[in-house]
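Undergrad: Compute the structure for the input listed below.
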Amino acid sequence: MSAEIQEIRTHTILFKNIVKKLFSSNSGLLLSKLNYFFLPVVLFLPLFIYSQAVQ
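TA: Next up is the predicted model:
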């Protein structure tokens, strides 16, 4: 169980770093559209991974 929790934490940190890079980068309109696409993925994927780990 602890290994799975550690994996979830690692994923969460990775996703946070990706989001920070996307939002801090000044690549214009395309990137802001990508942010709106990736934000739900970034929010829900850790939840999905966690729900799989719990089962």
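
Undergrad: Could you use CA atoms for every contact and neighbour count after this?
TA: Will do.

Undergrad: buried sites along the lowest-mean-pLDDT helix or strand in the chain?
TA: Using mean pLDDT, DSSP states H and E, helix 29-54 stands out as the lowest-scoring helix or strand of the chain, at a mean of 76. By neighbour count with 16 or more other C-alpha atoms under 10 Å, helix 29-54 contains the buried residues 35, 38, 42, 45-46, 50.

Undergrad: Closest one to residue 10 out of the residues you listed, please.
TA: Minimum distance to residue 10 across the buried residues of helix 29-54 is 10.0 Å, recorded for residue 46 (C-alpha to C-alpha).

Undergrad: and the helix or strand hosting residue 15 with helix 29-54, angle?
TA: Assigning secondary structure by DSSP states H and E places residue 15 in helix 2-24. Angle, helix 2-24 to helix 29-54, by axes from the mean of the first three to the mean of the last three C-alpha atoms, to 10 degrees: 170 degrees.

Undergrad: Check which residues of helix 2-24 are buried.
TA: 7-8, 11-12, 15, 19, 22.

Undergrad: residue contacts, residue 14?
TA: Contact analysis of residue 14 by C-alpha atoms under 8 Å, 6 or more residues apart in numbering lists nothing.
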